[in-house]
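Asker: Okay, structure incoming, though there's no sequence with it:
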């Protein structure tokens, strides 16, 4: 990120105490703003990008009731396919299932990494509880990762 962009964001938070997307966008609309070049101003391109986000949200928000009676996503993202597949198809294929499971493990480890950074900033009175919770998440993520590494039956 460019220094001028960081400086402008810092100015906003100093003045308003909170960064709000609508305020940042209003400032960025000015060609003279250091934020201006951080946005796509061609509405055809920006519209397409936004519709791609909407399409992803549409897919992710489609839920079904599982055989156990729980609401689950109807589709899951499969990295090797570069797209979403029916959850019911993925759970029937051990290789695809492990791939998705391993992805979730990676996401949990990213959460652990973010939490570790926040632990250092936590007030001393609650820091031990934050550390304990993060350790629990890390152990779960590592266990998921190990399970996903089990080769499928032949």
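Answerer: Right, received. Where do you want to start? These numbers were taken from a predicted model, which means no experiment stands behind them.
Asker: Please name the residues that touch the closest residue to residue 65 other than its chain neighbours.
Answerer: Spatial nearest neighbour of residue 65, excluding adjacent residues (Cβ to Cβ, 6 or more residues apart in numbering): residue 71 at 6.0 Å. Where you see a C-beta, it was placed from the backbone N, CA and C, and this is true even at glycine. By Cβ atoms under 8 Å, 6 or more residues apart in numbering, the residues touching residue 71 are 63, 64, 65.
Asker: helix or strand for the second one, which one?
Answerer: The reference is to residue 64. Following DSSP states H and E, one finds residue 64 within strand 63-65.
Asker: which outside residues touch that strand?
Answerer: Around strand 63-65, the neighbours that count as contacts under Cβ under 8 Å, 6+ apart are 71, 72, 73, 74, 87.
Asker: at 10 Å what do you get?
Answerer: Strand 63-65 has contacts (Cβ atoms under 10 Å, 6 or more residues apart in numbering) with 70, 71, 72, 73, 74, 75, 86, 87, 88.
Asker: So what's the residue count around the fifth one?
Answerer: Read it as residue 74. When neighbours are defined as other Cβ atoms under 10 Å, residue 74 has 15 of them.
Asker: That one and residue 82, how far apart?
Answerer: Going from residue 74 to residue 82 by Cβ to Cβ, to the nearest Å gives 18 Å.
Asker: number of nearby residues for residue 68?
Answerer: Neighbours around residue 68, by other Cβ under 10 Å: 6.
Asker: Just read off the phi/psi values of it.
Answerer: phi -90, psi 0 (degrees, to the nearest 10).
Asker: what residues are up against the residue nearest the centre of the chain?
Answerer: For the chain, the residue nearest the mean C-alpha position is residue 107 (7.9 Å; Cα atoms, centre = their mean). Shown in contact with residue 107 (Cβ under 10 Å, 6+ apart): 141, 144.
Asker: Could you say which helix or strand holds it?
Answerer: Secondary structure from DSSP H and E places residue 107 in helix 94-119.
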